[in-house]
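**Q** sequence? don't have it. structure:
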């Protein structure tokens, strides 16, 4: 949301908006929260954790958002960008800043998300 506001772009500017490892539930929550703010990413959002792991809602999808993003981008999306199948991708490598101490104490888990816009010239 902040990236779109800062750049003045609409979500459909991007061919694909990808997140790290929100899982099926997290992806649905993200879409719902953005929808409430007037931003629709239903058609162009995909979560890297859902690509890497089977999508089963009642199980925890377990990967690193940064790791899943790196695997999916480098093994799959980079080639699509090179071939011109995608021209504009917003990569939001979501991740939790986990600590065994804070999670063991029942404290909230801070999270971070770096948005990286990757664009190529259209053919």
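**A** Received the coordinates, thanks. Everything numeric here is computed off the predicted structure, so don't read it as measured data. Numbering: from 1, shown residues only.

**Q** quick one: the residue lying farthest from the centre of the chain and residue 111, what's the gap?
**A** Of all residues in the chain, residue 105 has its C-alpha farthest from the mean position, at 28.2 Å, by C-alpha atoms, centre = their mean. Noted for residue 105: a distance of 17 Å to residue 111, by C-beta to C-beta, to the nearest Å. Quick note: C-beta positions are derived from backbone N, CA and C, even for glycine.

**Q** so who does the most centrally placed residue in the chain touch?
**A** Among the residues of the chain, the one closest to the centroid is residue 19, at 0.7 Å (C-alpha atoms, centre = their mean). Contact partners of residue 19, counting by C-beta atoms under 8 Å, 6 or more residues apart in numbering, are 26-27, 30, 45-48, 65, 69, 92-94, 113.

**Q** State the pLDDT value of it.
**A** Predicted confidence (pLDDT) for residue 19: 88.

**Q** One more: residue 9?
**A** Confidence score, pLDDT, at residue 9: 95.

**Q** Can you get me a residue count around it?
**A** Residue 9 is flanked by 14 other residues according to other C-beta atoms under 10 Å.

**Q** go on, residue 83?
**A** Neighbourhood size, residue 83 [other C-beta under 10 Å]: 10.

**Q** How about residue 14?
**A** Neighbours of residue 14 (other C-beta under 10 Å): 23.

**Q** swap in residue 80?
**A** When neighbours are counted by other C-beta under 10 Å, residue 80 registers 15.

**Q** Determine the longest helix present in this protein.
**A** helix 23-36 (DSSP state H).
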